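Student: with the input below, show me the fold.
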Amino acid sequence: MGITKLADLIRSDAPDAISHKDISDYTGKVIALDTSIVVNQFRAATPLLSPLTGLFFRTLTFLEHDIKPVFVFDGKPPKEKTAVLQKRAEAAGWSWHNHTGTASSMTRDCLQLLKLLGVPVVQAPGDAEAWCAWLVRQGTVDAVASEDMDTLPFGASILIRQLNSKKDSEVTEYSLSKLLEKLQISHKEFVDLCILLGCDYCDKIPQLGPKRALKLIQKHRNIEDVVLHVKRKTHPVPNFWKYKEARKIFLDAPQTEAPDLTWTEPDEEALVGFLCHTNHVKEDRIRRRMERFREARDSKREEREKERAAGRSRQTRMEDFFRVTRKRALPVEAVNSLSSKIKRQKLK
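Tutor: Numbering: from 1, shown residues only. Presented below is the predicted three-dimensional model:
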């Protein structure tokens, strides 16, 4: 579910936080992806086919555009999310068992496929979307690609939606800093707004719409004061409301080191063996796709070598693509500037 109607609220009240781009605009960028969301998209779109096939094709599309994907896998989810996960599984017709962080057979297959494709995978200690957002905050990746809006309250500065392999597909990008600036709230206040809108970790106040929730946060600045001023008859506050636990999940950063990330060349023969002989995908389909990938890669190499020889500015060469990506410093100047502006607005 993510955050209920958050995308609608941003479109109406903070449209400047949204930009529309093409997949080619992310050339050279390191993008974190919540693997479970990608897999579930393929499960829903092509229920008779293995999600591994879709994951294979989409990953190659990213690599062809010089996008450096980092696939993040879920760990043990917070207990507050159990009810939501059960409902999702029932709605999709899947069996659901209480997750313990143990890898399923599908997870193990995805890990093997991505390893053969030469892209890095990261095991999150909890929810993958929280870890994706944290990787952005650490400067390890440039953005998160996800259909789940809750990467924004988790602190991802850039959220990308509809980043897929479809031709002429428009990509939607959300900027957290522009969003907070337009709404004139801090990140912590934004987290409280998302809890009021409805999140995966606790109930929400019934009949409290997004516009009303935003006005209440802008005026009272936190859930505690909102509760004191909301009309209880029309908006009854849930009994034993665990909004503090939800707030803590969104705001607490993982206490661990960010990983170093390495990309290598795809292993075509091993991919054919894994997808065709083990998962019964037609070999000629995999061979043709790998051939197109090599042609696209070689074409980019030639193009950039020509640009280099001509002395023109160029983007990262393809041979620089498969390398270790170092951690980058956080853009603290932008964050400090935004925080100062918000504080000045509060004092007026």
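Student: how is the protein divided into domains?
Tutor: 6-181, 185-252, 292-320 (automatic domain parsing).
Student: right, and those domains - which one's nearest residue 283?
Tutor: Smallest distance to residue 283 across the domains of the chain (C-beta to C-beta): 12.7 Å, for domain 6-181. (Each C-beta comes from the backbone N, C-alpha and C, glycine too.)
Student: which secondary structure element of this structure has the lowest mean pLDDT?
Tutor: The least trusted helix or strand in the chain, going by mean pLDDT, DSSP states H and E, turns out to be strand 324-325, with a mean of 44.
Student: surely residue 42 forms part of a strand?
Tutor: No: Residue 42: not assigned to a strand; according to DSSP: H, G, I helix; E, B strand; the rest coil it is helix.
Student: and the pLDDT at it?
Tutor: In this model, residue 42 is scored at 92, pLDDT.
Student: near it, how many other residues are there?
Tutor: Using other C-beta atoms under 10 Å, residue 42 has 18 other residues around it.
Student: ok, the residue lying closest to it once chain neighbours are set aside to residue 144 distance?
Tutor: Nearest residue to residue 42 in three dimensions, chain neighbours excluded: residue 54, at 3.5 Å (C-beta to C-beta, 6 or more residues apart in numbering). Going from residue 54 to residue 144 by C-beta to C-beta, to the nearest Å gives 19 Å.
Student: so the two - more neighbours on which side?
Tutor: The residue with more neighbours, out of residue 54 and residue 144, is residue 144; 31 against 19, by other C-beta under 10 Å.
Student: residues touching the more buried one, list them.
Tutor: 31-34, 129, 132-133, 135-136, 151, 156, 158-160 (C-beta atoms under 8 Å, 6 or more residues apart in numbering).
Student: ok, 6 Å please
Tutor: By C-beta atoms under 6 Å, 6 or more residues apart in numbering, residue 144 lies in contact with 32, 132, 136, 151, 156, 159.
Student: ok, and the most crowded of these?
Tutor: That'd be residue 151 among the contacts of residue 144, by other C-beta under 10 Å, with 33 neighbours.
Student: can you flag the weakest of the domains of the chain by average pLDDT?
Tutor: Sorting the domains of the chain by mean pLDDT places domain 292-320 lowest, at a mean of 75.
Student: and the strand or helix carrying residue 191, how far out from the chain middle?
Tutor: Taking DSSP states H and E as the definition, residue 191 sits inside helix 187-197. Put simply, helix 187-197 sits 18 Å off its chain's centre (C-alpha atoms, centre = their mean, to the nearest Å).
Student: cool, stretch 188-207 as well?
Tutor: 19 Å.
Student: buried sites along that stretch?
Tutor: The neighbour-count check on stretch 188-207 (16 or more other C-beta atoms under 10 Å) flags 189-205 as buried.
Student: what does that stretch contact?
Tutor: Counting by C-beta under 6 Å, 6+ apart, residues outside stretch 188-207 touching it are 1, 3-4, 6, 80-81, 84, 153, 210, 213, 217, 221-223, 235, 237-238, 242-243, 246-247, 249-250.
Student: which PyMOL command selects the buried ones in those residues?
Tutor: Buried members of those, defined by 16+ other C-beta under 10 Å, are picked up in PyMOL with:
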select buried, resi 3+4+6+80+81+153+210+213+217+221+223+235+237+243+246+247+249+250
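Student: now do the same end-to-end measure for stretch 271-284.
Tutor: 12 Å (C-alpha to C-alpha, to the nearest Å).
Student: quick one: mean pLDDT over it.
Tutor: Stretch 271-284 carries an average pLDDT of 91.
Student: can you give the distance of that stretch from its chain's centre?
Tutor: Distance, stretch centre to chain centre, for stretch 271-284: 29 Å (C-alpha atoms, centre = their mean).
Student: quick one: contacts of that stretch?
Tutor: 50, 52-53, 116, 286.
Student: could I get these as a markdown table with neighbour count and secondary structure?
Tutor: Below are the contacts of stretch 271-284 laid out as a markdown table (neighbours: other C-beta atoms under 10 Å; DSSP: H, G, I helix; E, B strand; the rest coil):
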| residue | neighbour count | secondary structure |
| --- | --- | --- |
| 50 | 18 | coil |
| 52 | 21 | helix |
| 53 | 19 | helix |
| 116 | 20 | helix |
| 286 | 20 | helix |
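Student: and which of those residues is nearest to residue 260?
Tutor: Relative to residue 260, the closest of these is residue 116; by C-beta to C-beta it sits at 20.1 Å.
Student: if we can go back for a sec, and the domains of the chain: which comes nearest residue 259?
Tutor: Using C-beta to C-beta, the domains of the chain put domain 6-181 closest to residue 259, at 5.7 Å.
Student: could you tell me the end-to-end distance of the closest one?
Tutor: Domain 6-181 has an end-to-end distance of 16 Å (C-alpha to C-alpha).
Student: strands along the stretch 201-348 of the chain, start to end?
Tutor: Assigned strands in the stretch 201-348 of the chain, in chain order: 261-262, 324-325 (criterion: DSSP state E, counting those that start in this stretch).
Student: direction included, what does the first one pair up with?
Tutor: Sheet pairing for strand 261-262, assigned by DSSP bridges, gives strand 324-325 (antiparallel).
Student: one step back: taking the contacts of stretch 271-284 together, which two end up most distant?
Tutor: Across the contacts of stretch 271-284, the longest distance by C-beta to C-beta is 14.9 Å; it joins 50 and 116.
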